[in-house]
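K.L.:
Take this sequence and fold it.
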Amino acid sequence: MLNGHKIFVVMPAYNAAKTLVQTFRELPHEIVDAVLLVDDHSSDKTVELAREMRLTIFLHHANLGYGRNQKTCYREALKRGADIVVMLHPDYQYSPKLVTAMASLIAYGEYDVVLASRILGRGALAGGMPLYKYVSNRLLTLVENILLHFKLSEYHTGYRAFSRDVLTSLPLEENSDDFIFDNEILAQIIYMRYRIGEISCPTKYFPEASSINFSRSVRYGFAVLATSLKFRLQKMRVANFRIFNHRGRKLLDDYYRDVTRSSKQESSV
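P.N.:
Below you'll find the model as predicted:
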């Protein structure tokens with residue numbers, strides 16, 4: 001706990017067997033109340049290792065996508081009473097040691113959301129980010145800052161911390177089940193005026209670290225632009241999109257309608 005807040009770390013996993021143990025070992029376990037792993041139908045030994053480590057595990061019956069994986073992560077953490085949820089990829093690309101700093105900024109009331117930025121400080125290129133990804137990251141971030149009338153060093157980090165209020169208030173079920181989920185949730189957070197903070201995060205690129213290929217990166221880039229345009233059109237009141245609607249579907253809607261439903265320590269989703 002931190003300042004009376006329960007800290008949950010969630011790991012959206014897909015073929016993370018080579019890096020899961022190292023990621024888990026470097027977590028600040030003295031302040032983390034629980035670690036939840038959601039496996040998106042891995043073909044390696046991710047689930048076997050997670051069982052040996054006695055993590056709380058949730059299994060997707062098929063490969064449902066990165067966005068759906070996050071939805072499961074957040075829903076299950078909230079159902080278990082998390083006050084602050086830190087999303088950390090188990091591929092060891094981001095430093096697990098930053099969980100304390102990120103959670104603290106929320107636990108002590110400074111921010112509602114904290115992002116670990118690869119651009120601030122030493123920078124992503126020093127950590128091995130491919131040049132084309134760095135350039136596209138900077139260009140997309142520039143466009144988003146203009147269209148969203150906000151200022152972040154990057155919108156594309158996969159290392160984030162959220163307050164319970166944010167995750168229960170946003171219509172996250174309206175978001176994509178694919179990689180663009182990451183960008184949609186930030187657009188929603190900005191649209192609904194939650195406070196966002198950033199900290200510098202060193203990053204590591206190596207063969208075992210997860211990364212989308214060039215063609216998927218291009219599709220992601222166009223989807224980012226589409227999300228930003230939706231945001232601007234909604235702000236101008238010339239269009240109405242469900243992802244920016246307060247009455248959209250939320251993660252725990254079904255759960256609260258059926259409070260007798262329970263989940264086992266390990267379950268299929």
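K.L.:
any chance you could map the helices in the stretch 51-200 of the chain?
P.N.:
66-79, 99-107, 131-147, 164-169, 181-191 (DSSP state H, counting those that start in this stretch).
K.L.:
helix/strand/coil for Tyr220?
P.N.:
helix (DSSP: H, G, I helix; E, B strand; the rest coil).
K.L.:
give me the number of residues near the closest residue in space to it that isn't next to it in sequence?
P.N.:
Distances taken as CB to CB, 6 or more residues apart in numbering put Phe179 closest to Tyr220, at 5.3 Å, once the chain neighbours are dropped. To be clear about C-beta, it is placed using only N, CA and C from the backbone, and glycine gets the same treatment. Neighbour count for Phe179, taken as other CB atoms under 10 Å: 19.
K.L.:
List of residues touching the helix or strand hosting Leu37?
P.N.:
Per DSSP states H and E: Leu37 is located in strand 34-39. Strand 34-39 is touched from outside by 6, 8-14, 20, 24, 27, 46-47, 50, 55-60, 69, 72-73, 76-77, 80, 82, 90, 269, with contacts defined as CB atoms under 8 Å, 6 or more residues apart in numbering.
K.L.:
7 Å instead, please
P.N.:
Applying CB atoms under 7 Å, 6 or more residues apart in numbering, the contact partners of strand 34-39 are 8-13, 24, 27, 46-47, 50, 55-60, 69, 72-73, 76-77, 80, 90.
K.L.:
Which among the residues you listed count as buried?
P.N.:
8-13, 24, 27, 46-47, 50, 55-60, 69, 72-73, 76-77, 90 (16 or more other CB atoms under 10 Å).
K.L.:
so the residue positioned nearest the centre of the chain bridges to which residues?
P.N.:
Nearest residue to the geometric centre of the chain (CA atoms, centre = their mean): Met87, 4.8 Å. Counting by DSSP bridges, Met87 forms beta bridges with Val10, Arg160.
K.L.:
ok, it touching Arg160?
P.N.:
Yes. With contact defined as CB atoms under 7 Å, Met87 reaches Arg160; the gap is 5.0 Å.
K.L.:
Could you pull up phi and psi at Ser43?
P.N.:
The phi and psi values for Ser43, taken as degrees, to the nearest 10, are phi -110, psi 0.
K.L.:
The helices of the stretch 51-200 of the chain into a markdown table, with extra columns for mean pLDDT?
P.N.:
Output for these, formatted as a markdown table (pLDDT from 0 to 100):
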| stretch | mean pLDDT |
| --- | --- |
| helix 66-79 | 97 |
| helix 99-107 | 98 |
| helix 131-147 | 92 |
| helix 164-169 | 97 |
| helix 181-191 | 98 |
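K.L.:
Now tabulate the ones you listed in TSV and tack on distance to Arg219.
P.N.:
What follows is the helices of the stretch 51-200 of the chain, written out as TSV (distance: least, CB to CB, whole Å):
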stretch	distance to Arg219
helix 66-79	13
helix 99-107	29
helix 131-147	12
helix 164-169	26
helix 181-191	12
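K.L.:
I am finished for the moment; much appreciated.
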